[in-house]
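> Okay, structure incoming, though there's no sequence with it:
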């Protein structure tokens, strides 16, 4: 294979994978979403150093606000509001955009009171995603479920994946259209916040599909750090359902000929839902495949690979699936401390994750009660579209 086996990737190829671009075409088979344009002042806030909240709609500091320039680690208190030279408050340095906050709260309410956020391409990653937590460490319960604009801002502010959207979304582009351009700093004219209706979707039923030249060449479970025994017997039916969905709803209808597709399959009736599109590029995680397998020459019918799932519990032993996004599992301060203590090789992360699992916080196969809960939620999803 050549040094760079990936097909040429243009700016438009990446732009087509932004949810605001494709959502209107596929909304009937995807999760209900509301798209908001992000004002420049909010983009500036999201890119500012530190994890902190803007002023509330009344112009007051929110309870969880932490002054990013403060030398101590305490929360902003009443005493902090007065300056030393006259008692005037110093809140002017805290961002304030009440109109956008109201728009976010209204969108969440319109979606039933619960939503999960993403930007044009990326979303904060939850703890069950195969290779990293990203931002969910900062939220109570390690969940991406948001009830208020403040919940949304906290998740977005703490996500490295979201920062990538705002600073270098086209860095993987290599097509002729990007020659002589500083592609690493090219950004869209308008950013968007996408709020998606919250459903309790179990990670065992999320799958990633790889499409090359409009042919489905591979599928695999997204939560590849866990073994779900029931998937073994469901594998033929799941592969058939996903393949039929791709051929009926996606093939030839998406703007790109090569891309990565994320889907969710209802456990009860095997109905497939579109979750997201991703560019076919090194920046997209190939999960249970190597890129050589995906990009190699397939069979004559284009089905190089079928559905891959984790088939044995021992295949998901700690460290077995790689650590590409290990730095996103824990706060940066933890890794700074690890390096200072001589544990910068992943030892600290392994110890902390093992501790979470021992305390019962680690991911594990669902119980019968959980199965009933997700089945009920999927039924509500069918009725709520």
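All right, it came through fine. Note that this is a predicted model, so its numbers are computed, not measured. Residues are numbered from 1 along each chain as shown.
> Which parts of this protein are helices?
For the chain, the helices defined by DSSP state H occupy 11-16, 19-26, 40-47, 98-110, 149-157, 160-167, 229-245, 291-295, 332-340, 347-358, 368-383.
> any low-confidence regions in this protein?
Counting by pLDDT under 70, the chain has low-confidence residues at 1-4, 63-92, 125-142, 175-185, 297-304, 317-385.
> ok, which stretches of it are strands?
Per DSSP state E, the chain carries strands over the ranges 33-37, 115-118, 192-197, 206-212, 215-221, 259-265, 272-279, 307-308.
> Out of the ones you listed, which is the most enclosed?
Across the strands of the chain, the average number of neighbours (mean count of other Cβ atoms under 10 Å) peaks for strand 115-118, which reaches a mean of 24. Every residue, glycine included, has its C-beta placed from N, CA and C.
> Show me what that strand is packed against.
Applying 3 or more Cβ pairs under 8 Å, 6 or more residues apart in numbering; DSSP states H and E, one finds that strand 115-118 makes contact with helix 149-157, strand 192-197.
> Include distance to residue 108 when you put the ones you listed into CSV, please.
CSV is the format used below for the helices and strands packed on strand 115-118 (distance: least, Cβ to Cβ, whole Å):
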stretch, distance to residue 108
helix 149-157, 7
strand 192-197, 6
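> Neighbours of the residue nearest to residue 267 when sequence neighbours are not counted, how many?
Distance criterion Cβ to Cβ, 6 or more residues apart in numbering; nearest residue to residue 267, sequence neighbours excluded, is residue 205 at 5.5 Å. Residues near residue 205, counting by other Cβ atoms under 10 Å, number 23.
> returning to that earlier point: let me have the strands of the chain in TSV, extended by distance to residue 236.
Formatted as TSV, those follow (distance: least, Cβ to Cβ, whole Å):
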stretch	distance to residue 236
strand 33-37	32
strand 115-118	31
strand 192-197	30
strand 206-212	14
strand 215-221	12
strand 259-265	13
strand 272-279	15
strand 307-308	8
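> Can you say which of the ones you listed is nearest to residue 290?
Smallest distance to residue 290 across these (Cβ to Cβ): 10.3 Å, for strand 215-221.
> And the closest one, what does it pack against?
strand 206-212, helix 229-245, helix 291-295, strand 307-308.
> Quick one: residues in contact with the last one.
Residues from elsewhere that reach strand 307-308 (Cβ atoms under 8 Å, 6 or more residues apart in numbering): 207, 218, 219, 220, 221, 235, 238, 239, 242, 288, 289.
> ok, now the second one?
Helix 229-245 is contacted from outside by 29, 204, 207, 209, 216, 219, 221, 263, 265, 270-272, 306-307, 309-311, 365, using Cβ under 8 Å, 6+ apart.
> and if we set it to 6 Å?
Contact partners of helix 229-245, identified using Cβ atoms under 6 Å, 6 or more residues apart in numbering, comprise 219, 265, 270, 272, 306, 307, 309, 311.
> List just the nearest of those residues to residue 23.
The shortest gap between residue 23 and any of the contacts of helix 229-245 belongs to residue 272, at 17.0 Å (Cβ to Cβ).
> Tell me the bridge partners for that closest one.
Beta-bridge pairing for residue 272 (DSSP bridges): residue 265.
> Starting from residue 227, give me the distance back to it.
In this view, residue 272 and residue 227 are 22 Å apart by Cβ to Cβ, to the nearest Å.
> list the contacts for residue 30?
Taking Cβ under 6 Å, 6+ apart, we find residue 30 in contact with residue 274.
> Going forward, the N-terminal residue is numbered 57.
That works, and once the first residue is 57, the last one we named lands at residue 86.
> what about it, distance to residue 291?
Separation of residue 86 from residue 291 (Cβ to Cβ): 24 Å.
> Then residue 304?
Taken as Cβ to Cβ, the span from residue 304 to residue 291 is 20 Å.
> quick one, which of the two is more surrounded?
A side-by-side neighbour count of residue 304 and residue 291, using other Cβ under 10 Å, places residue 291 first with 16 against 11.
> separation between the residue nearest to residue 333 when sequence neighbours are not counted and residue 315?
Spatial nearest neighbour of residue 333, excluding adjacent residues (Cβ to Cβ, 6+ apart): residue 73 at 4.4 Å. Distance from residue 73 to residue 315, counting by Cβ to Cβ: 7 Å.
> returning to what we had before: surely the residue nearest to residue 333 touches residue 335?
Yes: Residue 73 lies in contact with residue 335 (Cβ atoms under 6 Å); the separation is 5.3 Å.
> between the strands of the chain, which gets nearest to residue 104?
strand 248-253 (16.5 Å).
> Packing partners of that closest one?
Counting contacts by 3 or more Cβ pairs under 6 Å, 6 or more residues apart in numbering; DSSP states H and E, strand 248-253 is packed against strand 89-93, strand 171-174.
> Reformat those strands as a markdown table; add distance to residue 156.
As requested, the helices and strands packed on strand 248-253 are exported to a markdown table (distance: least, Cβ to Cβ, whole Å):
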| stretch | distance to residue 156 |
| --- | --- |
| strand 89-93 | 8 |
| strand 171-174 | 13 |
